[in-house]
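Engineer: Here is a sequence together with a model predicted from it:
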Amino acid sequence: MSESIFLRRLAPSHSWGGRTLAVGDVHGHFKRLACALKAINFDPLQDRLINVGDSVDKGPESLALEKWLDLPFYYPLRGNHEDTAIRYARSNSINPESYAERGGKWFMDLPKDRQEGLAAKLS
């Protein structure tokens, strides 16, 4: 089966000896996530982390997602908060006041080209 933007097949974790961990609702608290991974001896060379969505908004470090997206062990899935950021950057279908109330002000404050770039990565 070939991979697509909607499907990515991961090798079984036992094939290299690492662990597959899942996390959700980080909501812009990437320092807390890093501390939690350190506490369980996460090994970025062997383990992998699947983020099941809602990695941004609400917390103070949502923009740190840009760096996390480039990490080879990090596999993000799109939650409703990522989807809202993508739709905000690409259309006028998101109510700005509502998005700001739900934690999206950090994204709204980015220049349009950065919004579009991050939306592309999130897609």
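Structural biologist: Noted; the coordinates are in hand. Residues are numbered from 1 along each chain as shown.
Engineer: did I read that right, residue 85 in a strand?
Structural biologist: No. Using DSSP: H, G, I helix; E, B strand; the rest coil, the assignment for residue 85 is helix, not a strand.
Engineer: Is it in contact with residue 56, as I believe?
Structural biologist: Yes. Between residue 85 and residue 56 there is a contact under C-beta atoms under 8 Å: 6.4 Å. Heads up, the C-betas are built off the backbone N, CA and C, glycines and all.
Engineer: Would you mind listing the residues touching both of the two?
Structural biologist: residue 107 (C-beta atoms under 8 Å, 6 or more residues apart in numbering).
Engineer: how close does residue 41 sit to residue 30?
Structural biologist: With the distance defined as C-beta to C-beta, to the nearest Å, residue 41 ends up 18 Å from residue 30.
Engineer: Could you check which of these two is surrounded by more residues?
Structural biologist: Between residue 41 and residue 30, counted using other C-beta atoms under 10 Å, residue 30 has the larger neighbour count: 20 against 8.
Engineer: so what's that one up against?
Structural biologist: So residue 30 contacts 59, 61, 64, 65, 68 (C-beta under 8 Å, 6+ apart).
Engineer: if we go to 6 Å?
Structural biologist: 61, 64 (C-beta atoms under 6 Å, 6 or more residues apart in numbering).
Engineer: Give me the neighbour count for residue 113.
Structural biologist: Using other C-beta under 10 Å, the number of residues around residue 113 comes to 9.
Engineer: so what's it up against?
Structural biologist: With C-beta under 6 Å, 6+ apart, residue 113 has no contacts at all.
Engineer: Alright, that wraps it up for me.
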